[in-house]
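Chemist: I'd like to go over a predicted model; first the sequence, then the structure.
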Amino acid sequence: MIKVIKEMLKPFGVVTVEPFDKGWSNDEKYIVTNDNGQKYLLRLSDAGHALRCERQVHIIKQAISRKIPTQQLVAHGYCLNNTKYFILLEWLDALDAETAVLDYSDEDQYALGRQAGHYLREIHQFSSTVQPRDDWGELFNLKIDKKLELYKNCELKYDNDVLMLQRIDKLRTKLSNVEQVVHHGDYHLGNMLIDSNQKLYIIDFDRHDIGDPWEEFNRLPFCYDVSPKFASGLVDGYFEGDVPDLFWEMLCLYIATNALSALPWAMGFGEAEITTMQRQTDSIFRQYENFSRIIPLWYSTEN
């Protein structure tokens with residue numbers, strides 16, 4: 001495959017190709033370097049996913065045009081006798097945000113979070129090539145039912161799960177037919193980079209979808225478990241400091257619903273992922289004090 005990729009990228013002067021297996025994407029990923037030392041990230045998807053790749057390209061182009069720091073798009077299209085679809089992006093010389101953010105002061109972590117919140121609000125203004133399928137309230141209630149069934153049939157259970165289930169049951173009645181927007185789809189520190197100038201980059205739009213803009217915050221546990229200040233800044237940056245009360249209720253619903261399916265999902269990946277999901281859900285219980293509160297403990301306006 002390496003030899004085939006080199007030949008495919010010959011117009012770009014590529015001389016080295018290295019597999020890059022970080023992340024959960026089903027794409028094949030490679031770091032490629034040309035004869036001038038320029039590095040790129042190559043993503044290869046099955047041709048059957050070409051439409052989704054084209055939508056991803058549409059989103060990346062909008063991010064670039066709106067000045068959201070991200071990887072620059074170099075080329076994309078069918079390749080390898082039309083069996084694959086490729087996206088070639090410039091490589092970013094930056095560090096993984098989930099570790100690099102801790103090198104900064106609390107004040108700077110909060111400021112980086114505010115940047116992330118501003119960028120997310122911009123993403124939610126993108127145009128979409130996908131139309132909403134159903135009323136959001138009906139759609140997400142169906143999703144809740146499916147996740148409840150998955151959890152019910154899972155041989156492992158969370159301690160005190162009745163408290164979480166009761167909260168979900170109460171909050172799901174507040175779902176309504178909100179306007180659905182473009183989602184990044186996996187918006188958290190693990191899909192961000194920080195460079196040496198403290199510039200934040202947003203990457204990995206491959207899980208994009210559409211939905212309630214507030215559902216996009218369902219990955220916040222991956223942020224506040226690392227940096228509560230960053231997570232607080234993200235919320236404040238998105239809402240410019242004026243966070244609606246209803247947001248906190250919907251956030252609680254979305255995070256709790258995610259936790260329901262996290263354990264059944266982890267069962268397919270082994271003990272390490274099961275432990276990770278159990279630990280994260282324990283954190284959710286702590287943050288919501290066994291679901292006795294709506295605004296989680298990690299959120300702070302004192303920055």
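Modeler: Nice, thanks for sending it over. Numbering: from 1, shown residues only.

Chemist: now the strands for this protein?
Modeler: 14-19, 28-34, 39-46, 73-79, 84-90, 95-96, 181-183, 192-194, 200-202, 209-211 (DSSP state E).

Chemist: C-alpha coordinates for the fourth one, PDB please?
Modeler: Meaning strand 73-79. Coordinates of each C-alpha in strand 73-79 appear next as PDB, following Å, rounded to 0.1, in the frame of the first residue of the first chain:
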ATOM      1  CA  LEU A  73      -7.100  21.400   2.500                       C
ATOM      2  CA  VAL A  74      -4.700  20.400  -0.300                       C
ATOM      3  CA  ALA A  75      -6.600  18.000  -2.500                       C
ATOM      4  CA  HIS A  76      -9.400  15.400  -2.400                       C
ATOM      5  CA  GLY A  77     -11.200  12.900  -4.700                       C
ATOM      6  CA  TYR A  78     -11.400   9.300  -5.800                       C
ATOM      7  CA  CYS A  79      -8.300   7.300  -6.000                       C
END
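
Chemist: hmm, who's touching that strand?
Modeler: Identification of contacts with strand 73-79 by C-beta atoms under 8 Å, 6 or more residues apart in numbering yields 8, 12, 40, 44, 47, 50, 53-54, 57, 60-61, 64, 84-90. C-beta: built from backbone N, CA, C; applies to glycine.

Chemist: of those residues, grab the buried ones for ChimeraX.
Modeler: Listed next is the ChimeraX selection for buried residues among the contacts of strand 73-79, using 16 or more other C-beta atoms under 10 Å:
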select :8,12,40,44,50,53,57,60,84,85,86,87,88,89
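
Chemist: possible to save the strands of the chain as a markdown table with distance to Ile274?
Modeler: A markdown table is the format used below for the strands of the chain (distance: least, C-beta to C-beta, whole Å):
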| stretch | distance to Ile274 |
| --- | --- |
| strand 14-19 | 27 |
| strand 28-34 | 26 |
| strand 39-46 | 29 |
| strand 73-79 | 37 |
| strand 84-90 | 32 |
| strand 95-96 | 24 |
| strand 181-183 | 27 |
| strand 192-194 | 26 |
| strand 200-202 | 30 |
| strand 209-211 | 26 |
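
Chemist: make JSON lines from those strands and add mean pLDDT and distance to Lys143 to it.
Modeler: Listed next are these as JSON lines, based on pLDDT from 0 to 100; distance: least, C-beta to C-beta, whole Å:
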{"stretch": "strand 14-19", "mean pLDDT": "91", "distance to Lys143": "34"}
{"stretch": "strand 28-34", "mean pLDDT": "94", "distance to Lys143": "29"}
{"stretch": "strand 39-46", "mean pLDDT": "96", "distance to Lys143": "25"}
{"stretch": "strand 73-79", "mean pLDDT": "96", "distance to Lys143": "31"}
{"stretch": "strand 84-90", "mean pLDDT": "96", "distance to Lys143": "28"}
{"stretch": "strand 95-96", "mean pLDDT": "97", "distance to Lys143": "30"}
{"stretch": "strand 181-183", "mean pLDDT": "96", "distance to Lys143": "14"}
{"stretch": "strand 192-194", "mean pLDDT": "98", "distance to Lys143": "26"}
{"stretch": "strand 200-202", "mean pLDDT": "98", "distance to Lys143": "25"}
{"stretch": "strand 209-211", "mean pLDDT": "95", "distance to Lys143": "10"}
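
Chemist: list of residues touching stretch 244-259?
Modeler: Contacts of stretch 244-259 (C-beta under 8 Å, 6+ apart): 143-144, 147, 158, 164, 167-168, 171-172, 174-175, 212, 214-215, 217-218, 220-221, 235, 239, 277, 280-281, 284, 288, 291, 294-296.

Chemist: how about 7 Å then?
Modeler: For stretch 244-259, contacts defined as C-beta atoms under 7 Å, 6 or more residues apart in numbering pick out 144, 147, 164, 167-168, 171-172, 174, 214-215, 217-218, 220-221, 281, 284, 288, 294-295.
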